[in-house]
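**Student:** Sequence plus predicted model, see below.
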Amino acid sequence: MNISSEIIFTSMLQALISKYGVMLTSKDCAEALGISTRTLDERRKLATDCPEFIEAKKGIMFPVQNVVKYQLEKTKQCIKVNY
């Protein structure tokens, strides 16, 4: 089954927007990525292995499209295992 990248991006984007809105807090982003907020904050401070973010008055915000792009990039790096 071959689903185009655009369809995957759009469906992931819609799912995250419906759950969190267009901007994710560090807590929301960490939950969406399946990691702890501490891990996300450490990666952000080191500027490595983290979605692009915006420093706002309310704190650190992650635009939903950046989180989806990050997830798709990490998926490309995965190793496919056949059972």
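**Tutor:** Yep, that arrived.

**Student:** so where is the chain shaky, pLDDT-wise?
**Tutor:** Across the chain, the ranges flagged by pLDDT under 70 are 1-2, 79-81, 83.

**Student:** Apply 90 and report the result again.
**Tutor:** Low-confidence segments of the chain, defined by pLDDT under 90: 1-6, 8, 47, 56-58, 73-83.

**Student:** residue closest to the middle of it?
**Tutor:** Computing the C-alpha centroid of the chain and ranking residues by C-alpha atoms, centre = their mean puts Val67 first, at 2.6 Å.

**Student:** Residues in contact with the helix or strand containing that one: which ones?
**Tutor:** Using DSSP states H and E, Val67 sits within helix 64-76. The contact list for helix 64-76 (C-beta atoms under 8 Å, 6 or more residues apart in numbering) reads 5, 8-9, 12-13, 16-17, 20-24, 29, 32-33, 50-53. From N, CA and C alone the C-beta is placed, and that goes for glycine too.

**Student:** Kindly supply the PyMOL command isolating those of those that are buried.
**Tutor:** Selection of buried members from the contacts of helix 64-76 for PyMOL, criterion 16 or more other C-beta atoms under 10 Å:
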select buried, resi 12+13+16+20+23+24+29+32+33+50+51+53
